[in-house]
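[1] Take a look and give me a structure for this.
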Amino acid sequence: FFFLGRKFQFVQRSAGMSAKRKNTEDEGRAGKERAPTIASSVKLVGEEGTTQKARAICESLRSHLDSIHVLRGPGKSSEERKAHLVQACLQIMELKGVVRSSYLRVQQASEQVEKAKQEIDQQQLQLQNLAYEKLHLQREIRKCQQFRSRDEELSLISEEQFCALHPDLSEEEKSNTHKLTLARLDWELEERKRLAADLQSRKDRKEAAQQLNLQKIRQLEDTPAKLESLLLAAKPIQTLFGSGQSLMALLGDEESAATPEHLRLLPESLYILFTHLAAYRETHDRSIELRVLGDLDSARTQRAKDSEAAAPEDTGEAEEDATAEDGAADDEQRSRRTKPTKSKEELLEEKRKAFFSTHPLSVSLALQCEGKVIITLTFTLLTQLSMVVVRHSLNPSEALHSQQTENLLRDLYPGDSGRHTPNEATLYQADELNISFSEEIKSFGIPFYWAQTICGLGNQVPSTAMQQFQRRSLAQVVRDIVRRVNAQLSLAAQLATLAKNTMPLESPKAQSHFFPLKATCALQEWTEFPQEENSDVRRFKALFVREQTARTGKREVVASLQAEVTVSNAYPVQPPLFALSFVQAPKGQDVGVENNLKAMENELNVHHRELTQALDPNLLLTHQMRRCQMCFDILMEAEEREGDVGFGGGKLFVRAAVGRDRVRPFKYDIKTGFFVVR
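    I've put the predicted structure just below:
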């Protein structure tokens, strides 16, 4: 009975597990995705029938056991009890078969579940592999998309330039971007190979040139010793014939204050200037006077100081060694001596004086100009600054105004006003000594760039200014100086005439080609504005008036034109500038006043080149004033006779005004004889 009870409990537990498994499958089917897949693929055969059969057997077995229990007491039938026992054993055997079949079905279901799980795991693994491959491919795609080819980093020529350089390309090659890029890369490779070969050849030439330069430098280093030996060998000949004989032959003893001693003591820069001027005088202009000024004794002292400063340091060390033995004996005497001390102000003043120290000798050049005017240029070397300054004077001195004489050579070339030092290092030195360089240098001269160039000090001139002086020789500089003086003399004469409120007379050619009409307006006033300090221009005011006779018989002013004239030191290279305005505008001149004033200013300020090319450029101010006067006459005549074709008062024009701006015909056409609009 114990065995039957244990079997009965096992059957109940198996039935409970089957029911629990069914409930678990139902819950998994509702909440999870994987469980339905397994449940759908695994199905137990006869599960419900087996459970019911097991229950029925258990109920029958329970009834038999109860009957056996009831029939167990005394007086009960043993046969009936045995029958129930047999039936119970049969039920147990049948239940055992049901349990065995249940085990088999559970094992079969487990195998099916395991097989389904393996399939799902395999599919899951394949899915993960595919996802990994997808991520890998996406990463490779991004790398390809982000890949930058080396050709994108190269600075290739544009497609338009490449096609222009290769006209033999077909339209298909031009339209195919890939082929065109490959062609550009091939061409770039060939060009870079060619440039690399060219660079290598240039480097080879550079190395060869450097080797040659080193060889020449070694030769130059040996040159001073050879020159010294040559000078020592030539000294008897110099003593016999005298040094500087060739220059003396060029200058002539009577025309020059220079002696062989002067030439020998001249500093290098002034000696270069002197020799070049002497050659220029011999070949171009014998009227030039060339002299060397200064004290010979001071020059000898200066030469001795320069020689001591240039002596090698070894001599100083030898002297120290020679006096080292006597130093101990003199220590007591030196300690007893009291040396006078100088204050900082005295030391600073000595440095300031030494800053502008000059060489005792200077070169003087006298040039003959128009009107028997002589300009004398004195070239002096500032030894501390290695800079040449120039002083100039006129003979007679009253030939020009004092301010005009002071600014005579300023702006001889563009950017060379003489107010800036050629060497920027001197500015820092002057700041340390608290010196105003631009003010202090005036008492010594003007450091023009062109003076440094002709004296062999061109390395101190700024590179921007040096470019224009490299094309100018000493002969060109001398001619430009004479041309500047002649222009200023002519300008002074014109200004003197205008100061009397009188128009200077123009040449017959100017009358026939540019100013054929008799002037009807007059110059009433010509005044000069006060000139500002350190200014390179002079400003004047001119007043032109147009008068007519009134009914009362008196002359009255109809219109007046004011012209502000600005004249620079570089006249006539820089032409005078005119600014026009009406003091009293003509009556009825309401439309086009500003336009006509601008047209007149253009005639004066823009179209001045035709006056300097056809006429004397030194008379440019006179011709501009005459043109201004003529334009004022044309303006008044056109206003009075607007709309009439013909001439009045001798002024010819076809149309009195042209265009929307109502511009008057200010230009005279010599071919047609009419005044026309430009």
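[2] Please count neighbours and contacts with C-alpha atoms only from this point.
    Fine.
[3] Could you list the low-confidence segments of the stretch 101-250 of the chain?
    In the predicted model, the stretch 101-250 of the chain carries pLDDT under 70 at residues 238-250.
[4] Could I get the full set of strands for it?
    For the stretch 101-250 of the chain, no strands are identified by DSSP state E, counting those that start in this stretch.
[5] Check what pLDDT the closest residue to residue 392 other than its chain neighbours gets.
    Counting by Cα to Cα, 6 or more residues apart in numbering, residue 392 lies nearest to residue 377, which is 4.5 Å off, once chain neighbours are set aside. Residue 377 is assigned 94 on the pLDDT scale.
[6] In a helix, residue 377, correct?
    No: counting by DSSP: H, G, I helix; E, B strand; the rest coil, residue 377 is located in no helix; its state is strand.
[7] need the contact list for it.
    For residue 377, the set of contacting residues under the criterion of Cα atoms under 8 Å, 6 or more residues apart in numbering consists of 364, 365, 366, 390, 391, 392, 393.
[8] Any figure for the gap between the third one and residue 373?
    Read it as residue 366. Shown here: residue 366 relative to residue 373, a distance of 10 Å by Cα to Cα, to the nearest Å.
[9] before we move on, what about the fifth one?
    Using Cα to Cα, residue 391 is found at 17 Å from residue 373.
[10] what's the answer for the fourth one, then?
    For residue 390, the distance to residue 373 equals 19 Å [Cα to Cα].
[11] So which of these two has more stuff around it?
    Set side by side, residue 390 and residue 373 show more neighbours around residue 390, with 23 against 17, by other Cα atoms under 10 Å.
[12] Confirm that that one sits in a strand.
    Yes: the secondary structure assignment for residue 390 places it in a strand, going by three-state DSSP.
[13] mind checking pLDDT for it?
    Per-residue confidence (pLDDT) for residue 390: 94.
[14] wait, what's in contact with it?
    377, 378, 379, 380, 444, 445, 446, 447, 448, 451.
[15] so of those residues, which ones are in helices?
    The helices, defined by DSSP state H, take in residue 451 from these.
[16] Give the ChimeraX command for selecting the buried subset of the contacts of residue 390.
    Provided next is the ChimeraX selection string for whichever of the contacts of residue 390 are buried by 16 or more other Cα atoms under 10 Å:
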select :377,378,379,380,444,445,446,447,448,451
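[17] Can you convert the contacts of residue 390 into JSON lines and add a column each for distance to residue 629?
    Written out in JSON lines, the entries for these read as follows (distance: Cα to Cα, whole Å):
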{"residue": "377", "distance to residue 629": "40"}
{"residue": "378", "distance to residue 629": "43"}
{"residue": "379", "distance to residue 629": "45"}
{"residue": "380", "distance to residue 629": "47"}
{"residue": "444", "distance to residue 629": "45"}
{"residue": "445", "distance to residue 629": "42"}
{"residue": "446", "distance to residue 629": "40"}
{"residue": "447", "distance to residue 629": "41"}
{"residue": "448", "distance to residue 629": "39"}
{"residue": "451", "distance to residue 629": "42"}
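[18] so where's the stretch 551-678 of the chain shaky on pLDDT?
    In the prediction, the stretch 551-678 of the chain carries residues with pLDDT under 70 at positions 551-553, 587-592, 641-651, 654, 659-661.
[19] Adding distance to residue 356, write the contacts of residue 377 out as a markdown table.
    Converted to a markdown table, those look like this (distance: Cα to Cα, whole Å):
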| residue | distance to residue 356 |
| --- | --- |
| 364 | 20 |
| 365 | 22 |
| 366 | 25 |
| 390 | 14 |
| 391 | 15 |
| 392 | 19 |
| 393 | 21 |
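[20] State the pair within those that is farthest apart.
    Using Cα to Cα, the contacts of residue 377 span at most 12.7 Å, a distance reached by 366 and 390.
[21] got a list of what residue 448 touches?
    Residues touching residue 448, when contacts are defined by Cα under 8 Å, 6+ apart, comprise 389, 390, 416, 417, 418, 422.
[22] ok, the second one to residue 418 distance?
    The reference is to residue 390. 10 Å.
[23] Find residues that contact each of the two.
    With the criterion set as Cα under 8 Å, 6+ apart, the overlap between the contacts of residue 390 and residue 418 is 446, 447, 448.
[24] and the second one, what are its phi and psi?
    Yep, that's residue 447 we're talking about. The phi and psi values for residue 447, taken as degrees, to the nearest 10, are phi -90, psi 70.
[25] How about it, nearest residue that isn't a chain neighbour?
    residue 389 (4.4 Å).
[26] Show me where the stretch 151-300 of the chain has its helices.
    Assigned by DSSP state H, counting those that start in this stretch, the helices in the stretch 151-300 of the chain fall at 159-165, 171-175, 177-241, 245-251, 260-265, 268-283, 296-310.
[27] From the contact counts, what lies against the second one?
    Right, the one you point to is helix 171-175. Using 3 or more Cα pairs under 8 Å, 6 or more residues apart in numbering; DSSP states H and E as the contact criterion, the secondary-structure elements in contact with helix 171-175 are helix 177-241.
[28] Repeat the analysis, applying 10 Å as the threshold.
    Other elements packing on helix 171-175 under the criterion 3 or more Cα pairs under 10 Å, 6 or more residues apart in numbering; DSSP states H and E are helix 159-165, helix 177-241.
[29] Include distance to residue 492 and mean neighbour count when you put these into a markdown table, please.
    What follows is these, written out as a markdown table (distance: least, Cα to Cα, whole Å; neighbours: other Cα atoms under 10 Å):
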| stretch | distance to residue 492 | mean neighbour count |
| --- | --- | --- |
| helix 159-165 | 59 | 12 |
| helix 177-241 | 50 | 12 |
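[30] how about the ones you listed, which one is nearest residue 670?
    Comparing the helices and strands packed on helix 171-175 by their distance to residue 670 (Cα to Cα), the top pick is helix 159-165, with 48.8 Å.
[31] Now do that closest one: everything it contacts.
    For helix 159-165, the external contacting residues (Cα atoms under 10 Å, 6 or more residues apart in numbering) are 156, 158, 166, 169, 170, 174, 177, 180, 181, 183, 184, 187.
[32] Now for those residues: which two are most distant?
    The widest separation within the contacts of helix 159-165 (Cα to Cα) is 20.4 Å, between 156 and 170.
[33] what about these two, which has more around it?
    Here residue 156 and residue 170 are compared on neighbour count by other Cα under 10 Å; more neighbours surround residue 156, at 14 against 10.
[34] Next, the more buried one: phi, psi?
    For residue 156, the backbone dihedrals are phi -80, psi 160 (criterion: degrees, to the nearest 10).
[35] do you know how far residue 392 is from residue 370?
    For residue 392, the distance to residue 370 under the criterion Cα to Cα works out to 17 Å.
[36] Looking at those two, which has the bigger crowd around it?
    Neighbours around residue 392 and residue 370, counted as other Cα under 10 Å, are more numerous at residue 392. The numbers are 18 against 13.
[37] which ones are touching the more buried one?
    Residue 392 sits next to 364-366, 375-379, 405-406, 408-409, 445-446 when contact means Cα under 10 Å, 6+ apart.
[38] Can you tell me which of those is closest to residue 225?
    Residue 225 has its nearest neighbour among the contacts of residue 392 in residue 379, at 31.6 Å by Cα to Cα.
[39] list the contacts for that closest one?
    Residues in contact with residue 379, defined by Cα under 10 Å, 6+ apart, are 270, 273-274, 292-293, 361-365, 388-392, 444-447, 451, 455.
[40] partner residues bridging it?
    residue 363, residue 390 (DSSP bridges).
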